[in-house]
Structures are given as structure tokens and as C-alpha cells.
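Engineer: here is a sequence with its predicted model. Questions after.
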Amino acid sequence: LMSISYNPLWSTLNNKGITKYNLLQSGDIDKRLLSALRNNRSITMYNLEKICKLLDCTPNDVIEFIDK
């Protein structure tokens with residue numbers, strides 16, 4: 001089985017100078033989604049697309065799959 005990691009997202013945010021607070025202030029990301037990201041839980045493709053559009057990045061800049 002593989003698990004999900006959002007470590008690339010945190011690196012992307014850091015590289016772009018964007019904080020988690022900035023994500024919440026954008027209005028596109030809510031507390032529940034941010035919690036899912038922080039806890040490496042699955043998100044929908046719709047939410048992945050929102051994040052990518054907001055950050056002007058690709059899914060590879062947000063998520064990675066790792067072997068358990």
C-alpha cells in the first residue's frame with residue numbers, strides 16, 4: 001500500500017512565501033481542507049485543482065505517494 005504525503009505542498013508554500021494563514025484568507029481553502037492536508041488525509045481532485053490554481057503549480061508540487 002501507498003500513503004499520501006503533502007510534504008511537497010509545504011515546500012511549495014515555503015518557496016513561494018505563502019503561509020497556511022494566507023491559504024485560509026484566500027477563501028478557496030477552508031479549515032477542514034487544511035486539516036486534511038496537515039494530517040495527510042485524502043482530498044478530492046477538485047480540491048487538488050483549487051490548490052494548484054491558487055499556487056500556480058502542478059499536482060507534483062502538492063502531493064506525493066510513499067510506500068508504507
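Structural biologist: Thanks, I have it.
Engineer: look up the pLDDT of Lys68 for me, please.
Structural biologist: You'll see Lys68 listed with a pLDDT of 77.
Engineer: against Asp61, how distant is it?
Structural biologist: Using CB to CB, to the nearest Å, Lys68 is found at 23 Å from Asp61. C-beta here means a position set from N, CA and C on the backbone, and glycine is covered the same way.
Engineer: nearest spatial neighbour of Ala47, chain-adjacent residues omitted?
Structural biologist: That one is not Ala; residue 47 is Asn. Leu33 (5.7 Å; CB to CB, 6 or more residues apart in numbering).
Engineer: SS state for the one you found?
Structural biologist: Using DSSP: H, G, I helix; E, B strand; the rest coil, the structure places Leu33 in helix.
Engineer: from memory it sits against Ile43, does it?
Structural biologist: Yes: counting by CB atoms under 8 Å, Leu33 touches Ile43, with 6.6 Å between them.
Engineer: let me know how buried Leu9 is, in neighbour terms.
Structural biologist: By other CB atoms under 10 Å, 21 other residues sit near Leu9.
Engineer: right, I'll leave it there.
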